[in-house]
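> Mind looking at a prediction? Sequence and model below.
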Amino acid sequence: MSNYHIKHLEEYFQVYRKSVRDPEGFWEEIAEEHFVWRKKWDNVLSWDFEKPEVKWFDGAKLNITENCLDRHIPTRGNKTAIIFEPNDPKEETQHITYRELHQQVSRMANVLKEQGVGKGDRVCIYLPMIPELAIALLACARIGAIHSVVFAGFSSNALSTRINDCDCKLVITSDGSYRGGKTLDLKAIVDAAMDDCPGVSKVLVVKRTGGSVNMKEGRDLWLQPLLDNAYADCNAEIMDAEDPLFILYTSGSTGKPKGMVHSCGGYMVYTAYTFKNIFQYRENDVYWCTADIGWITGHSYIVYGPLANGATTVMFEGVPSYPDYSRFWEVVDKHKVNQFYTAPTAIRALAKEGLEHVEKHDLSSLKILGTVGEPINEEAWHWYNNNIGKGKSPIVDTWWQTETGGVMISPIPYVTPTTPTYATLPFIGIQPTLMDEKGEEIKGNQVSGRLCIKFPWPSMARTIWGDHKRYRETYFSAYDNKYFTGDGALRDAVGYYRITGRVDDVIIVSGHNLGTAPIEDAINEHPAVAESAIVGFPHDVKGNALYGFVILKDIGESRDRDNLRKEINQQITEQIGPIAKLDKIQFVSGLPKTRSGKIMRRILRKIAGKDTDNLGDISTLLNPEVVTEIMDNAIP
Ligand code: WTA
């Protein structure tokens, strides 16, 4: 019998040792006992980090939706799979059972087939957090189409870039979306994107807000009538374990976004196994992850991980502040949520609002709290622990990435003793290590370095869509034979890991990864801008906010500075989306550069973070005099 559900610390260490000593034997047992396969694998694992190439369960045949849906029907057909909690609390909650979800997924799968989508085709999903979003993912998986979800807060430009990068032939969207008190015109954003997407032949539109939309003849179709006419039964396409399941884009420090490709078999096994253990899910629990399915957290821990375990998963359409700051706690109380998983930025925002919002509600159902997306600061950790968990619910600080597919370093609640701000110990099968600047592995404890992973795990991304070379360069070239995460970390006296943040030019704002390059590109497109550099600075709610240093062209010199600031942010909103707007914009005459012309972001980061006591040696700069000017005029 495999240790599918770990119950105490000794068992964790025992299973961990087994998973490292004999990874193939370990994962084979988990895969064999807890999933349905149409055919077993020929080989559990083959790998080569030089190429890089990783294959798990090669030769096996399966469909992930049979694991997430069909197999539950006999025993859990009437169990709620998804609780849909709408943006407006006055609108009725929906409970979708496993049987209903199976039918709805089958209907949508049949609609996709009718529209000419087949195995291996890419489908772009640009939807708000409504049930159709989860159903669309599963419908693609059902027929072997590769889904590429784009967060419905991205601009038309960001959307078209992602659609074209992987040649999507069909887009699923909605007329609009609700976000708190606002309505967003999603279809208009898609329409604008379509001007640049000649490869898209069909756009399927969910009616959500009822706003008036433009439907282009021959291209756009309302989804509901098609669903009404579709069969509620659809054979699952039999996939190879290594076939792609989905693409999800994440920002890189340079260049265009990277389409991380996840596979069917390994991703399923790892997300399901981590879900079971990290949330200690029991049969009648109600689990809620507040992330958007537009991000990896939603893919792995709202949809695939929970459903593969037959869990009840909450999908929340709204925002924590609407109709007021008690909404999260109202929803926890209403659905008697047992596991609650959110982001540090949300915790900080709610902590600012006072306890009356929390105290109105009964939170006694909560057993486990989770955080993800960025380092959690000590203060937020204690607020969460004291006021939400009442000191009784362990906090799982889960470290992982879009690239890793599932949680990599995390406590197992009620098993691993927690320490504030520490993600603690590697999950089963994960072999982290810290590297120094010279490329040597750092042994021992009470050390810090760059976080790498030494051995493959089932849910690691297999490539970057269309650019395997970039995959190798980004993740496997910094250190020999290791996956480099891009994060720095420390390991304390007992071997617990604490993630200290990115060591590259990715900035995490409110838990969202933003690369500096695409934002600078957007700013530089403004006709009055000559050059720009952005850095992050500490922000008490967002974790980091963005500070832009901008050099104007001559034509910009006479312009009103505040208007320019607005226009620059408008430019960013159009190119990327409002999440990438700058909090501070300083106009400068030059940027500190090395003699080879590279911007010294380290110096800008210190100025933006008001940490200018020790700027280091600036005498080697091409233009040291500019540093004083920038410091003197820094925005408080
Ligand atoms: C950061 C989100 C500290 C980290 C699942 C990582 C964290 C990046 C944590 C990936 C955590 C995520 N503590 N930092 N618990 N979780 N991060 O791809 O820098 O959106 O590399 O995946 O978020 O962000 P992504």
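Happy to help now that I have it.
> Do a quick rundown of the helices in the stretch 401-550 of the chain.
468-475, 516-524 (DSSP state H, counting those that start in this stretch).
> quick one: residue 566 from residue 560, how far?
From residue 566 over to residue 560 the distance is 9 Å, taken as CB to CB, to the nearest Å. Glycine gets a C-beta too; all of them are placed from N, C-alpha and C.
> ok, back up a step: and the ligand, which of the helices of the stretch 401-550 of the chain is closest to it?
helix 468-475 (11.5 Å; CB to the nearest ligand atom).
> Quick one: check the closest one for contact with the ligand.
No - on the criterion CB under 6 Å from any ligand atom, helix 468-475 is out of touch with the ligand, staying 11.5 Å away.
> ok, back up a step: let me know which of the helices of the stretch 401-550 of the chain is tucked in deepest.
helix 516-524 (a mean of 21; mean count of other CB atoms under 10 Å).
> average pLDDT for that one?
Averaged over helix 516-524, pLDDT sits at 89.
> now what about it, what contacts it?
Contact with helix 516-524 is made by 251-257, 505-507, 529-535, 546, 548, 550, 568, 571-572, 574-576, 580, 582, 601, as judged by CB atoms under 8 Å, 6 or more residues apart in numbering.
> and what of stretch 365-373?
Against stretch 365-373 from outside (CB under 8 Å, 6+ apart): 278-280, 285-286, 289, 291, 297, 332-333, 336-345, 347, 384-385, 388-389, 393-400, 407, 413, 508, 511-512.
> If you count surrounding residues, which of residue 566 and residue 560 has more?
residue 566 (12 against 9; other CB atoms under 10 Å).
> Angles on the backbone of that one, please.
Main-chain dihedrals, residue 566, degrees, to the nearest 10: phi -60, psi -40.
> pull the helix or strand with minimum mean pLDDT from the chain.
helix 554-557 (a mean of 87; mean pLDDT, DSSP states H and E).
> centre of the chain versus that one, how much separation?
40 Å (CA atoms, centre = their mean, to the nearest Å).
> next one: stretch 182-189
For stretch 182-189, the distance to the chain centre is 22 Å (CA atoms, centre = their mean).
> out of the helices of the stretch 401-550 of the chain, nearest to residue 184?
Residue 184 sits nearest to helix 516-524 of all the helices of the stretch 401-550 of the chain, at 19.9 Å, using CB to CB.
> From what I see, residue 343 and residue 512 are in contact.
No - taking contacts as CB atoms under 8 Å, residue 343 lies outside contact range of residue 512: 9.2 Å.
> For the stretch 351-500 of the chain, which residues are neighbours of the ligand?
372-375, 397-402, 423, 485-487, 499.
> can we see that at 5 Å?
372-375, 397, 399-402, 487, 499 (CB under 5 Å from any ligand atom).
> Do a quick rundown of the strands in the stretch 51-200 of the chain.
For the stretch 51-200 of the chain, strands defined by DSSP state E, counting those that start in this stretch occupy the ranges 53-58, 61-62, 80-85, 94-97, 122-125, 146-149, 170-174, 177-179, 182-184.
> Which one of those lies nearest to the ligand?
The nearest among those, by CB to the nearest ligand atom, is strand 146-149 at 12.9 Å.
> What is that closest one packed up against?
strand 122-125, helix 131-143, strand 244-250 (3 or more CB pairs under 8 Å, 6 or more residues apart in numbering; DSSP states H and E).
> quick one: average pLDDT of that strand?
98.
> same deal with stretch 385-392?
Mean predicted confidence for stretch 385-392 is 98.
> May I have that stretch exported as CSV, CA atoms only?
Extracted in CSV, the C-alpha atoms of stretch 385-392 (Å, rounded to 0.1, in the frame of the first residue of the first chain):
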residue,chain,number,x,y,z
ASN,A,385,-2.9,32.8,12.3
ASN,A,386,-4.5,34.7,15.2
ASN,A,387,-7.6,36.1,13.6
ILE,A,388,-8.6,33.6,10.9
GLY,A,389,-7.1,30.4,12.3
LYS,A,390,-7.6,31.5,15.9
GLY,A,391,-4.3,29.8,16.6
LYS,A,392,-5.8,26.4,15.8
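> Buried ones from the contacts of stretch 365-373, can you make that a ChimeraX selection?
Burial among the contacts of stretch 365-373 is assessed by 16 or more other CB atoms under 10 Å; the matching ChimeraX selection reads:
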select :278,279,280,285,286,289,291,297,332,333,337,338,339,340,341,342,343,344,345,347,384,385,388,389,393,394,395,396,397,398,399,400,407,413,508,511,512
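> Okay, and which of the contacts of stretch 365-373 map to helices?
The helices, defined by DSSP state H, take in 278, 297, 332-333, 344-345, 347 from the contacts of stretch 365-373.
> Generate JSON lines for those residues, with distance to the ligand and pLDDT as supplementary columns.
Shown next, in JSON lines, are the ones in helices among the contacts of stretch 365-373 (distance: CB to the nearest ligand atom, whole Å; pLDDT from 0 to 100):
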{"residue": "278", "distance to the ligand": "12", "pLDDT": "98"}
{"residue": "297", "distance to the ligand": "5", "pLDDT": "97"}
{"residue": "332", "distance to the ligand": "21", "pLDDT": "98"}
{"residue": "333", "distance to the ligand": "26", "pLDDT": "98"}
{"residue": "344", "distance to the ligand": "8", "pLDDT": "93"}
{"residue": "345", "distance to the ligand": "11", "pLDDT": "91"}
{"residue": "347", "distance to the ligand": "12", "pLDDT": "95"}
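> Can you pull the residues of this protein lying near the ligand?
So far as CB under 5 Å from any ligand atom goes, the chain lies against the ligand at 372-375, 397, 399-402, 487, 499, 502, 513.
> try 8 Å
With the criterion set to CB under 8 Å from any ligand atom, the chain comes near the ligand through 250, 295-297, 344, 371-376, 397-404, 407, 409-410, 423, 485-487, 499, 501-502, 506, 508, 511-513.
> Which members of these are positioned in strands?
Among these, the ones falling in strands (DSSP state E) are 250, 371-372, 397-398, 485-487, 499, 501-502, 506, 508, 512-513.
> Now list the buried members of the contacts of helix 516-524.
Buried, going by 16+ other CB under 10 Å: 251-253, 256-257, 505-507, 529, 531-535, 546, 548, 550, 568, 571-572, 574-576, 580, 582, 601, out of the contacts of helix 516-524.
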